[in-house]
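Visitor: Quick one, fold the following:
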Amino acid sequence: MINLRQGDCLELLKDMPDGSVGCAMIDPPYKIVAGGCRKVALGDECAGIMNKRRESNKRTDWVEDVRTGKMFKHNDIKFEHWLPELYRVMADKSHTYLMINSRNLAELQNKAEQAGFKFQNLLIWDKGNVTPNRYYMQGYECILMLRKGGAKNIHNKGTSNILRVPNIIGNKKHPSEKPVELLEIMINNSTNEQDVVIDMFMGSGSTGVAAINTNRKFIGFELDPEYFKIAQERINTAAEKGGFLIPE
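Guide: All right, here's what the predicted structure looks like:
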C-alpha cells in the first residue's frame, strides 16, 4: 500500500484511525537560527553559498529572509500543532523518529512528551561533512527516537546510536533531503515487512523510497505542490522497481 496525499497534514491526519501506524520517520519544519551558513548571514561568502544552493535546486523560496527563521514558506507550523495527532495514529509500542537540530531539540522533546510520547534514545547522524559556523563546524544532526506505550527492542541491537551515512552533496531535490540509506537503517530496526510507515512532511519523498526498498507500506503527506510532485515521481519509480501497486 502506498498512500500519497497533497495537503495540510493536520487535516489529512483526521481521516486516519487511531493506532494505525507502525513507525513515523519525520523531518519536521522548524525555525532556523543564527550560527551557520543556512542560519545567518556570515558575510558575502555565506550569502553566495545560499544563492548557489537556491539556483542549483531551482527554488526561490529557500531562505528568502534568514532573519525570520524561515527556510520554507510553509514552515510556520508548531510542534504542538501536529504531535498530538501523530501520537493518536501511532500504534502501541511503535517508534517515532524526529530529525532536528541541537537548538530545537529540547523544545521538540518537551512538546512530544506533553503529547504522550516517551523518550527512547537520541541518535546522532554523522553526515561526513560540515557546515560553516561561528562557534564550531556543524557535522551532525540529531534524531529524537520516541515510543508510544511500552518499550520495544530494535531488530539489530548492535546498531550504534551514531549513524555514519554520507550526506547528499549537490543535486538535492530538497534542501533538507536525507539519504535513503540513513532512513532504511531506522525503518529496518523498528518495523517488520508490510508495517505502515508515515512521513507527514515528506518533502521529496526519501522516506517513501526507503519504505518501499524495505518492503513496508507508506503514507506520505506534503503541503507544497512542487515537492509533492517530486516525491510522487520518486516513490512511483521505486514502486515500479519493487513491484508495488502504484497509487493513482
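Visitor: in the chain, which helix has the most residues?
Guide: helix 225-242 (DSSP state H).
Visitor: just checking, what packs against that helix?
Guide: strand 2-6, helix 206-213, strand 217-222 (3 or more CB pairs under 8 Å, 6 or more residues apart in numbering; DSSP states H and E). C-beta here means a position set from N, CA and C on the backbone, and glycine is covered the same way.
Visitor: Extract the C-alpha set from the shortest one and format it as PDB.
Guide: Once non-C-alpha atoms are left out, strand 2-6 reads as follows in PDB (Å, rounded to 0.1, in the frame of the first residue of the first chain):
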ATOM      1  CA  ILE A   2       1.200   3.500  -0.900                       C
ATOM      2  CA  ASN A   3      -0.900   6.400   0.100                       C
ATOM      3  CA  LEU A   4       0.400   9.800  -1.000                       C
ATOM      4  CA  ARG A   5      -1.700  13.000  -0.400                       C
ATOM      5  CA  GLN A   6      -1.000  16.600  -1.100                       C
END
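Visitor: ok, the residue nearest the centre of the chain to Ala151 distance?
Guide: In the chain, the C-alpha nearest the mean C-alpha coordinate belongs to Asp27, at 2.1 Å (CA atoms, centre = their mean). As judged by CB to CB, to the nearest Å, Asp27 and Ala151 stand 24 Å apart.
Visitor: coming back round to it: among the helices and strands packed on helix 225-242, which is the most enclosed?
Guide: helix 206-213 (a mean of 27; mean count of other CB atoms under 10 Å).
Visitor: what's the angle between that helix and strand 217-222?
Guide: 170 degrees (axes from the mean of the first three to the mean of the last three CA atoms, to 10 degrees).
Visitor: quick one: helix 206-213 to chain centroid distance?
Guide: Computed by CA atoms, centre = their mean, to the nearest Å, the chain-centroid distance of helix 206-213 equals 12 Å.
Visitor: residue ranges with poor pLDDT in the chain?
Guide: The chain contains residues with pLDDT under 70 at 32-75, 244-248.
Visitor: Which residue ranges of it form strands?
Guide: 2-6, 21-26, 90-100, 118-131, 138-148, 162-164, 196-199, 217-222 (DSSP state E).
Visitor: Relative to Pro84, which of those is closest?
Guide: Closest to Pro84 of the strands of the chain is strand 90-100 (CB to CB; 10.9 Å).
Visitor: what's the closest one packed up against?
Guide: Using 3+ CB pairs under 8 Å, 6+ apart, strand 90-100 sits against strand 21-26, helix 102-115, strand 118-131, strand 138-148, helix 180-190.
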